[in-house]
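Novice: Here is my input; please provide its structure:
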Amino acid sequence: MIFQLDQTNSVANRFIAEMRNVHTQQNPQRFRNNQVRLGEILAYEISKKLNYQEAEVKTPLGIAKVNLAKEQPVLATILRAGLPFHQGFLNFFDRSASAFITAYRKTDENHNFTIQLEHISSPNLDGQTVIMCDTMLASGQSIVQVCRKLQEKYQLKELHIAAVIASAAGLKHVQENLPEAHIWVGSVDQEMNSYSYIIPGLGDAGDLSFGEKV
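Specialist: Just a heads-up that it's a prediction; the model follows:
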């Protein structure tokens with residue numbers, strides 16, 4: 001399944017618009033804050049799909065029956081661009097554990113690239129629901145490679161993938177290679193350039209959040 005946030009009009013449209021806008025991008029704090037906000041919104045949407053059970057809560061005047069999630073998902077992200085987006089999920093799933101992965105593109109002179117996966121810092125994910133949070137889903141290669149690596153090491157209960165902006169080609173790649181994954185995105189763009197950057201996209205999320213690499 002694919003959930004696309006901007007298919008229904010909401011205040012999230014403004015957060016996405018500000019992230020895309022070359023003028024508001026000049027404020028890194030605002031850019032990061034909008035990623036956090038979108039992470040919170042998508043976390044709320046994903047929370048509807050979790051398993052719940054009835055519990056009792058003692059109030060000053062009696063007992064209230066409420067439905068609470070049976071378990072907390074593990075929140076994973078790829079350093080560094082996904083950190084603010086991940087924080088939004090962590091704000092809502094505030095009892096969740098986190099997993100961090102270091103990966104980068106290695107590009108040749110013809111703009112061809114491979115994904116270099118360096119390190120995974122993770123709790124035990126056996127039997128866990130995992131939400132992979134990454135701001136941009138461009139070609140989909142890094143998401144697929146990272147998720148497959150996790151699946152090789154652990155027996156995941158369920159896999160969710162969340163992004164602010166995705167390309168149509170990237171979504172197709174993920175669906176073909178991770179058919180079991182539930183995909184949650186803010187918006188979908190139809191094109192990528194020769195560098196596999198999403199068009200119109202929003203640029204390099206990591207550089208806009210934390211400063212250009214040297």
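
Novice: E158 versus Q151, what's the distance?
Specialist: Per C-beta to C-beta, to the nearest Å, Q151 is found 12 Å from E158. For glycine as for every other residue, the C-beta is placed from the backbone atoms N, C-alpha and C.

Novice: Local confidence estimate at the closest residue to Q128 other than its chain neighbours?
Specialist: In this structure, Q128 finds its nearest non-sequential neighbour in V74, 4.9 Å apart by C-beta to C-beta, 6 or more residues apart in numbering. At V74, the model reports a pLDDT of 98.

Novice: likewise the one 10 residues further on?
Specialist: pLDDT, P84: 96.

Novice: Over to E118?
Specialist: 73.

Novice: For this structure, name the helix or strand with the lowest mean pLDDT.
Specialist: Across the helices and strands of the chain, mean confidence by mean pLDDT, DSSP states H and E is lowest for strand 113-121: a mean of 74.

Novice: Can you show me the strands along this protein?
Specialist: 2-4, 52-59, 62-69, 74-79, 98-107, 113-121, 129-133, 136-137, 158-167, 182-189, 191-192, 198-199 (DSSP state E).

Novice: Run through the neighbouring helices and strands of the fourth one.
Specialist: Right, the one you point to is strand 74-79. helix 83-92, strand 98-107, strand 129-133, helix 141-153 (3 or more C-beta pairs under 8 Å, 6 or more residues apart in numbering; DSSP states H and E).

Novice: what does the last one rub up against?
Specialist: To tie it back to what came earlier, the one meant is helix 141-153. 76, 78, 99, 101, 103, 105, 115, 117, 120, 122, 125, 130, 132, 134, 137, 156, 159, 161, 170, 173-174, 177-178, 181 (C-beta atoms under 8 Å, 6 or more residues apart in numbering).

Novice: Next: stretch 30-40.
Specialist: In contact with stretch 30-40 (C-beta under 8 Å, 6+ apart) are residues 5, 12, 15-16, 18-19, 24-25, 84-92, 133, 135, 162, 164, 186, 205, 208-209.
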